[in-house]
Each structure stands twice: as C-alpha cells, then as structure tokens.
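Peer 1: Return atomic coordinates for the entry below.
(one chain, ligands or ions: 1)
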Amino acid sequence: MNAMTQTSSRFQQGLTRLLQSRVADILSYPHGVDRYLEVFNPLWSVNEVRAKVEAVRYLTNDSVTLTLRPNHNWEGFIPGQFVQLSVTINGKRQTRCYSPANSLHRADGCIELTAKVHANGFVSRHLREQLSVGDVVLLSQADGEFALPEQRPEQVLLISGGSGITPVMSMLRTLCDEGFSGPITFLHYANSAADMIYASELDEIARTHDNVTLVRCFNDEGEQGELSGLFSREHLYIAAPEFAQATTFLCGPPPMMAAVE
Ligand SMILES: Cc1cc2nc3c(=O)[nH]c(=O)nc-3n(C[C@H](O)[C@H](O)[C@H](O)COP(=O)(O)OP(=O)(O)OC[C@H]3O[C@@H](n4cnc5c(N)ncnc54)[C@H](O)[C@@H]3O)c2cc1C
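Peer 2: Coordinates of the predicted model:
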C-alpha cells in the first residue's frame, strides 16, 4: 500500500467512525445518516449493503440474472448461502431471499443472483420487468447453514430442481475455479431444456472438466435429457451410483427435497 492509499484509507475509516457515532445519530434524527448520504449517492451507506445493478441477463423466458456490485459494507458469502434482496415497489419495500450463484473466486467483486419468475410473483416479476442497469437494490449480509464446507469433500453430488439451481451452481463454479479434482455429479430437474437456467454454461463446464458429470432430467414429455420424470431412487443409481461416498447438496421445491431425502 503506498502513502497516498494509506492516507485515503485512514480518512475513510475516520469518516466511517464519525458517521457511525452517537453525535451523527443525534444530528440526523429522525431519518438516520443513511437517508442523508443517499441524496449524494444511492450506494453510500454507513451500515446497509446496497448494490448497483451492473448487468441484467435473461437466460430463460421466465428468469432474470442480475450482476450486482455491492458497496463496502458487503462481507462476502459462502457458496450455498442466501441474501435478502429488497426493492421498493409502489413506495413499499419488498424483501425476498435469493442465493448468489457466482463463484466465491469471482474476480470483479460482483455477485450474481438469478430469480425464476413466478406467474403471480410480486418481486420476481418486478426484477425481470422493471430492474435495469444502474438501479440500486438493498441486500442483507449472507446467511444460512446450507454451505460448502471449508474443508472440501472428496466427492460431491449436487441435486437441484428449478430455481434451486442457484446455490449449487455457486458450489460448482467455486470448486471448478479451485481446480477441485474429485468427482462431481450435477443432477438437475427442470420442465424442459428451454426452462433450464445456466444450461449452456453447465454444458461447457461438463465438456471441459473430466471430473464433472452433468445429468439433466426433464419432466415435459418429448424432452431429451439424460433422464426424465420426477426424482426416483432409480435416478440416483443411474446418475450417481457411488452416491453413498459423496457429500450431497440438495436444493429445490419442497416435494422434490422430500423425495430425495
Ligand atoms: C433461502 C432461500 C433462497 C432462495 N433463493 C432463490 C433463488 O436463488 N432464485 C429464485 O428464483 N428464488 C429463490 N428463492 C425464492 C424467492 O425468495 C421468492 O420466494 C420467489 O422469487 C417468489 O417471490 P415473488 O415475490 O415473485 O412471489 P410472491 O409474490 O411472494 O408469491 C409467491 C408465490 O405465490 C404465488 N401467488 C402470488 N399471488 C397469488 C395469488 N393471488 N393466487 C395464487 N398464487 C399466487 C406466486 O405465483 C408465487 O408462486 C429463495 C427462497 C429462499 C427461502
């Protein structure tokens, strides 16, 4: 760190301490310091994690993938965890949980959230239809015990259904970035190939990593996956015959989770 950077970082720390102080609290009462800071820059906040929308992608007809750049309050996440995302719709703050899907080792400091749009879903529809680059959303810190252990397992089985793909996608991307060489089976359930989020990236990962086996299972008739229909014990024996030796991570709709368990 050069002298200039050190001075600017000390200045920033001092300013943050001042803005978090009791005096700042009293002076900004009743609105709080953040309400004044956001007038200058919507990303500025003493305590809140705010994130700027850097990119919006539509990987399927009913989903939206957001690249978000969080401010300096963001403390990071463990693959598998979720954040609470808040947006203001018709003047009211609405909050829903989403699991970052990006690798822990993503170099640009951004996180990626993918929401599958529910037919009458209030927030997921808003994210797809209204959110655009430059908007600012509010995030919680990451939370949740469903997480890739620090001591990586020797063999991994990832099972997901629908939008449950996001936390296990983060695990897969992270393990691949780490050069993990143990066997990974990625078993995913979707209605159809067109409905499968991250389909082409998963294809590419399986093609370029000898240790990754991708097993797609589609529910709609006539769809060509490695398997079809709903989860069954037989699927497990076909997709991952050595499942008993693997550490399994599972995320999907409740009936699917119950069946797998
Ligand atoms: C830990 C965790 C992590 C999650 N991670 C993700 C993720 O990464 N990606 C993701 O896509 N989702 C994720 N979710 C789900 C997400 O939090 C939301 O629940 C989802 O996006 C739906 O929110 P919504 O506001 O669009 O739907 P809501 O408005 O909350 O509606 C919920 C459901 O009720 C239905 N509904 C609403 N109104 C009516 C009505 N009048 N009649 C009949 N049905 C109705 C909707 O169609 C929808 O299916 C996660 C949830 C949890 C708990």
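
Peer 1: And the residue in the chain positioned nearest to the ligand, how far from residue 257?
Peer 2: Nearest to the ligand in the chain, going by C-beta to the nearest ligand atom, is residue 121, at a distance of 2.2 Å. All C-beta atoms are positioned from the backbone trio N, CA, C, and that covers glycine. As judged by C-beta to C-beta, to the nearest Å, residue 121 and residue 257 stand 20 Å apart.

Peer 1: Kindly state the domain boundaries assigned to this structure.
Peer 2: 29-139, 156-260 (automatic domain parsing).

Peer 1: Report the rounded mean pLDDT for the longest one.
Peer 2: pLDDT averaged over domain 29-139 equals 94, rounded to a whole number.

Peer 1: got it, and stretch 150-167?
Peer 2: Stretch 150-167 shows a mean pLDDT of 98.

Peer 1: close to the ligand, is it?
Peer 2: Yes - contact of stretch 150-167 with the ligand (C-beta under 6 Å from any ligand atom) involves 163, 166.

Peer 1: distance between that stretch and the chain's centre?
Peer 2: 13 Å (C-alpha atoms, centre = their mean, to the nearest Å).

Peer 1: try stretch 97-106
Peer 2: How far stretch 97-106 lies from its chain's middle: 4 Å, per C-alpha atoms, centre = their mean.

Peer 1: What lies in contact with the strand or helix carrying residue 206?
Peer 2: In the assignment (DSSP states H and E), residue 206 maps to helix 199-208. Applying C-beta atoms under 8 Å, 6 or more residues apart in numbering, the contact partners of helix 199-208 are 59, 172-173, 176, 186, 188, 193, 196, 212-214, 216.

Peer 1: After it, heading C-terminal, what element do we hit next?
Peer 2: Using DSSP H and E, the next helix or strand after helix 199-208 towards the C-terminus is strand 212-218.

Peer 1: export that next one as CSV, just CAs?
Peer 2: What follows is strand 212-218, C-alpha atoms only, in CSV (Å, rounded to 0.1, in the frame of the first residue of the first chain):
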residue,chain,number,x,y,z
VAL,A,212,-17.9,-33.2,-13.8
THR,A,213,-20.9,-35.4,-14.8
LEU,A,214,-24.0,-33.4,-15.9
VAL,A,215,-27.3,-35.3,-15.7
ARG,A,216,-30.3,-33.4,-16.9
CYS,A,217,-33.7,-34.6,-16.1
PHE,A,218,-36.7,-33.1,-17.9
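
Peer 1: Would you map the strands across the stretch 51-200 of the chain?
Peer 2: Using DSSP state E, counting those that start in this stretch, the strands found in the stretch 51-200 of the chain span residues 63-70, 83-89, 92-98, 111-116, 136-139, 156-161, 184-190.

Peer 1: Say whether the ligand is contacted by the third one.
Peer 2: In other words, strand 92-98. Yes - interface with the ligand: strand 92-98 contributes 96-98 (C-beta under 6 Å from any ligand atom).

Peer 1: I'd like the strands of the stretch 51-200 of the chain laid out as TSV, including mean neighbour count.
Peer 2: Formatted as TSV, the strands of the stretch 51-200 of the chain follow (neighbours: other C-beta atoms under 10 Å):
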stretch	mean neighbour count
strand 63-70	21
strand 83-89	18
strand 92-98	13
strand 111-116	22
strand 136-139	20
strand 156-161	25
strand 184-190	25
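
Peer 1: How about the residue most central in space within the chain: what's its closest non-neighbour residue?
Peer 2: Residue closest to the average C-alpha location in the chain (C-alpha atoms, centre = their mean): residue 100, at 1.2 Å. Closest residue to residue 100 apart from its sequence neighbours, by C-beta to C-beta, 6 or more residues apart in numbering: residue 111 at 4.6 Å.

Peer 1: can you count the residues close to the closest residue to residue 180 other than its chain neighbours?
Peer 2: Nearest residue to residue 180, sequence neighbours excluded (C-beta to C-beta, 6+ apart): residue 152, at 6.1 Å. The burial count assigned to residue 152 is 14, neighbours taken as other C-beta atoms under 10 Å.
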